[in-house]
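[1] Next comes the sequence, and after it the predicted model I'd like to discuss.
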Amino acid sequence: MEKTDVTQYSVVVLAGGWSDEREISLQSGSSCAEALREAGFARVDVLDVADPDFFARMAGGNYDVAFVAMHGRYGEDGCVQGMLELMRIPYTFSGVLASAAGTEKEVAKTIYRAAGIPTPDGVDLAPDAELDEKSAAELVERLGLPIFVKPASNGSSYGVSRVESADQLPAAVAKAAEGGCRVLVESCVEGTEISVPVIGNDDAHATPIIEIVTGADFYDSTVKYEPSELHHVIPARLPEDVYARAQELAVRAHHALGCRGASRSDFIVRADGTPVILETNTIPGMTANSLLPDSARHEGIEFPELCRKFVEWALEDNYRAED
C-alpha cells in the first residue's frame, strides 16, 4: 500500500559485493544511508551483499524499497536488479536490461550509434584474445595512436591502459581481460573531458556539466576518488551551444539505454565542438567526492534531498508497473 509520506518507507541500502569497486561501493552505501536518515527516513539499514547471511537478512527484513549503491560486476550489471525483481522489492536506478546494456560497453555503443550519439572507433576482443605482432600492428593502423584498452564490462577505470606503441598492446589487452571480461580497444579522442549527470525517469534532465581537469593521462581510479575540488570544474567551460548539445546527448543516452532515476555519461568534446560519448554509468558514485552529487549541489539539490528523490523515482516506477 502506498504511504502518504515517502519517509515512512523502510529502506535497505545494498553495498559492497565482490567487484573491483567493492570499497568505493561501501563508501557510497554509507554516504547514502546517512543522507537518507538526514532526509527523514526512520528506518535505513545497510547490507553488504557479500555477507554470508545477506539473503536471510533481505528475506526477513520486510523492506519497502532497496537503494542500490553497488558498482561494477554483480551490482551494476543487472544481477542484483534481477534478484530484487524476483523478491518484488522496488529499487533505485535502472532495471535489469538497462543495467546490463550500460555495463557492456560494446552493446552500449551499438545503442548510442542507433540513437545518433557519436562514439569512438573501436574493436571488441574476446577475453582469451592473444595479439601477435601482426594483429597489434593492424589495430594500430586502424585506430591510430594512442589507443585506449579497457575491460568491456568494468567500471571506475580498473584495467584501463593508454597505449602509445604497438608493442604495448598485448600486455594491455591481457590486463583488461584479467577478470574474464571482453576487451574494448578504442581510438583516443582528444579534447575536453566532461561528465554529464542525468536525473529522473521519463522527465529526466541533465544537471550541470562537470569538466574533468587532471594531470594524469586519463581520469583513472586514483584521480576519481581524490577531493572533487582538485579536478571538477562546474559548470564546464564550454561554448553555450556545445554545452547544450552535450546535455541533450546525455539525456538521449539515458533514454536510449532505458535508464531510470540517474545516469552519468562521460564525453570528450573535440576541438570542433563535437561531444563524443565514452560510456554511461547507470549507478554513478555516491560519495562526497562523486561527480553526480557534486553537480546536483550546483543545481541547488543537496545530497539528502537527492537521495530522497531517488527513492521517490524508484517507487514511481513500482506503482506504474502495478497499474
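    Looks like it arrived, so ask away.

[2] residues of the strand or helix carrying Arg57 that come out buried?
    Secondary structure from DSSP states H and E places Arg57 in helix 54-60. Residues of helix 54-60 classed as buried: Met58 (neighbour count, 16 or more other C-beta atoms under 10 Å). Just so you know, the C-beta spots here come from the backbone N, C-alpha and C atoms, and that holds for glycine as well.

[3] need the next SSE after it, C-terminal direction.
    Counting by DSSP H and E, what follows helix 54-60 is strand 65-68.

[4] just the strands in the stretch 201-323 of the chain please.
    Taking DSSP state E, counting those that start in this stretch, the strands of the stretch 201-323 of the chain run over residues 205-206, 210-212, 232-233, 262-269, 275-281.

[5] Need the winner for burial among those.
    Neighbour counts (mean count of other C-beta atoms under 10 Å) averaged over each of the strands of the stretch 201-323 of the chain peak at strand 262-269, with a mean of 26.

[6] which helices and strands does it pack with?
    Packing partners of strand 262-269 (3 or more C-beta pairs under 8 Å, 6 or more residues apart in numbering; DSSP states H and E): strand 192-199, helix 240-257, strand 275-281, helix 291-298.

[7] dump the residue contacts of the closest residue to Pro170 other than its chain neighbours.
    Spatially, and ignoring its direct neighbours in sequence, Pro170 is nearest to Leu131 (4.5 Å; C-beta to C-beta, 6 or more residues apart in numbering). Counting by C-beta atoms under 8 Å, 6 or more residues apart in numbering, Leu131 touches Leu139, Leu169, Pro170, Val173.

[8] For Gly159, find the nearest of the helices and strands packed on strand 262-269.
    In terms of C-beta to C-beta, the element of these nearest to Gly159 is strand 275-281, at 13.5 Å.

[9] Any idea how many residues pack against the closest residue to Ala177 other than its chain neighbours?
    What sits nearest to Ala177 in space, not counting adjacent residues and going by C-beta to C-beta, 6+ apart, is Pro127, at 4.4 Å. Using other C-beta atoms under 10 Å, Pro127 has 16 neighbouring residues.

[10] Same question for Asp128.
    Per other C-beta under 10 Å, the neighbour tally for Asp128 reads 9.

[11] try Lys309
    By other C-beta under 10 Å, 19 other residues sit near Lys309.

[12] which stretches of the stretch 151-300 of the chain have low pLDDT?
    Across the stretch 151-300 of the chain, the ranges flagged by pLDDT under 70 are 154-157, 215-230.

[13] Name the residue most distant from the centre of the protein?
    When distances are taken from the C-alpha mean of the chain, Lys134 lies farthest, 34.9 Å away, according to C-alpha atoms, centre = their mean.

[14] Doesn't that one belong to a strand?
    No: using DSSP: H, G, I helix; E, B strand; the rest coil, the assignment for Lys134 is helix, not a strand.

[15] and it, how far is that from Leu143?
    15 Å (C-beta to C-beta, to the nearest Å).

[16] same check, this time on Ser10
    The value you get for Ser10 to Leu143, if C-beta to C-beta is used, is 50 Å.

[17] ditto for Ala108
    In terms of C-beta to C-beta, Ala108 sits 19 Å off from Leu143.

[18] Looking at the two, which is more packed in?
    Using other C-beta under 10 Å as the criterion, Ala108 and Leu143 rank with Ala108 on top: 27 against 19.

[19] residues contacting that one?
    Going by C-beta under 8 Å, 6+ apart, the list of residues near Ala108 reads Ala101, Gly102, Leu257, Glu279, Thr280.

[20] Now do the helices in the stretch 51-200 of the chain.
    Assigned by DSSP state H, counting those that start in this stretch, the helices in the stretch 51-200 of the chain fall at 54-60, 79-87, 96-103, 105-114, 133-143, 169-176.

[21] average pLDDT for the shortest one?
    What that stands for is helix 54-60. Computed over helix 54-60, the mean pLDDT rounds to 96.

[22] Start at 21, not 1
    Yes, from this point I'll number from 21; that puts the last item at helix 74-80.

[23] Of all the helices and strands packed on strand 282-289, which one is nearest Val66?
    helix 311-318 (17.6 Å).

[24] still on that earlier bit, as TSV, the helices of the stretch 71-220 of the chain with distance to Pro140 would be great.
    TSV is the format used below for the helices of the stretch 71-220 of the chain (distance: least, C-beta to C-beta, whole Å):
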stretch	distance to Pro140
helix 74-80	38
helix 99-107	28
helix 116-123	17
helix 125-134	8
helix 153-163	9
helix 189-196	16
